[in-house]
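K.L.:
sequence unavailable; structure follows:
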């Protein structure tokens with residue numbers, strides 16, 4: 001496959017903006033599409049995304065636009081929009097898409113209405129595009145500032161994967177290839193739900209022991225769902241599995257963890273969401289994860305509990321008591 005020299009990025013939130021810096025450091029020309037005109041203007045004129053990534057100086061060569069077509073006119077396109085907007089954005093991109101140009105899914109979520117993984121959504125709406133997933137333990141601000149990070153690039157096509165790794169990789173942005181697209185997507189989506197749960201543990205001052213237990217049992221839920229969807233178990237021992245889960249469940253930089261902490265302190269979900277510009281994907285994925293688990297007859301009690309709290313006004317203390325009252329079973333390495 002020919003070398004990739006131009007990168008389009010759809011979605012100029014914190015992560016999309018950070019990825020624009022990654023691509024520029026790797027020597028690519030970058031077009032970054034923003035939904036908000038003021039964001040595009042800020043990037044072009046001040047070389048800063050003052051709304052979503054304030055305080056981070058951006059490469060002046062990054063070109064921002066509010067239109068989709070210029071971003072699609074590239075050797076590869078990174079899709080950094082929230083998971084719940086992916087279908088609409090891909091549908092709008094389709095008329096401008098050049099067959100054979102890869103699309104890289106950078107969102108971590110599951111579609112609410114259909115419980116579809118992002119690869120399923122993209123396959124329906126951009127069937128002409130080779131598909132890859134970029135996932136792993138990353139905070140946007142750290143990546144944008146060129147602090148060291150490592151990620152997974154999941155792609156079934158080895159040639160496409162090699163071209164993407166070559167185009168985007170750098171000493172401080174290490175990219176490891178995996179063929180397991182489903183595993184990378186499941187790990188990235190479910191860990192956001194679990195991060196909210198860990199944030200509640202923090203907000204309720206339930207201690208580090210409780211959080212460690214929650215992370216470990218949450219990983220078992222990720223593995224169960226992943227295997228049921230055809231993922232490889234070893235994927236969840238890697239960067240897009242335990243790596244991403246550990247980061248997101250232990251830091252206030254995490255949108256999902258900090259949201260859970262606020263819930264645990266007694267703030268209302270509506271008030272928390274109204275006060276934020278960025279999307280916490282776990283809020284929207286909780287119902288989809290629980291629905292998908294029911295369809296596949298998978299036991300995911302932590303995810304179901306978060307769905308109850310976030311979407312059905314379940315009392316947090318009663319929900320915690322219910323989880324603690326469950327009878328412990330055998331601990332199985334594959335998630336039993």
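P.N.:
Perfect, I can see it now. From a predicted model like this one, the values you see are computed outputs, not experimental measurements.
K.L.:
could you chop the chain up by domain?
P.N.:
Per automatic domain parsing, the domain ranges recorded for the chain read 6-179, 186-324.
K.L.:
show me where the stretch 201-336 of the chain has its helices.
P.N.:
Taking DSSP state H, counting those that start in this stretch as the test, the helices found in the stretch 201-336 of the chain are 208-228, 244-248, 255-264, 269-274, 281-295, 301-311, 316-324.
K.L.:
show me where this protein has its strands.
P.N.:
Secondary structure of the chain (DSSP state E): strands located at 6-10, 29-33, 63-65, 76-79, 103-105, 131-135, 149-154, 173-178.
K.L.:
so can I have a markdown table of the ones you listed showing distance to residue 195?
P.N.:
Glycine gets a C-beta too; all of them are placed from N, C-alpha and C. Below are the strands of the chain laid out as a markdown table (distance: least, Cβ to Cβ, whole Å):
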| stretch | distance to residue 195 |
| --- | --- |
| strand 6-10 | 24 |
| strand 29-33 | 26 |
| strand 63-65 | 29 |
| strand 76-79 | 22 |
| strand 103-105 | 19 |
| strand 131-135 | 14 |
| strand 149-154 | 17 |
| strand 173-178 | 22 |
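K.L.:
need the ones you listed in CSV (columns: distance to residue 119, mean neighbour count and mean pLDDT).
P.N.:
As requested, the strands of the chain are exported to CSV (distance: least, Cβ to Cβ, whole Å; neighbours: other Cβ atoms under 10 Å; pLDDT from 0 to 100):
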stretch, distance to residue 119, mean neighbour count, mean pLDDT
strand 6-10, 16, 25, 98
strand 29-33, 21, 24, 98
strand 63-65, 26, 20, 98
strand 76-79, 11, 27, 98
strand 103-105, 7, 26, 98
strand 131-135, 6, 27, 98
strand 149-154, 9, 24, 98
strand 173-178, 13, 18, 98
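K.L.:
let me know which of the helices of the stretch 201-336 of the chain is the nearest to residue 53.
P.N.:
Comparing the helices of the stretch 201-336 of the chain by their distance to residue 53 (Cβ to Cβ), the top pick is helix 255-264, with 13.0 Å.
K.L.:
report the inter-axis angle for that closest one versus helix 281-295.
P.N.:
Per axes from the mean of the first three to the mean of the last three Cα atoms, to 10 degrees, the angle that helix 255-264 makes with helix 281-295 is 90 degrees.
K.L.:
report the rounded mean pLDDT for helix 255-264.
P.N.:
When pLDDT is averaged along helix 255-264, the result is 97.
K.L.:
what is that helix packed up against?
P.N.:
For helix 255-264, the packing partners by 3 or more Cβ pairs under 8 Å, 6 or more residues apart in numbering; DSSP states H and E come out as helix 181-203, helix 269-274, helix 281-295.
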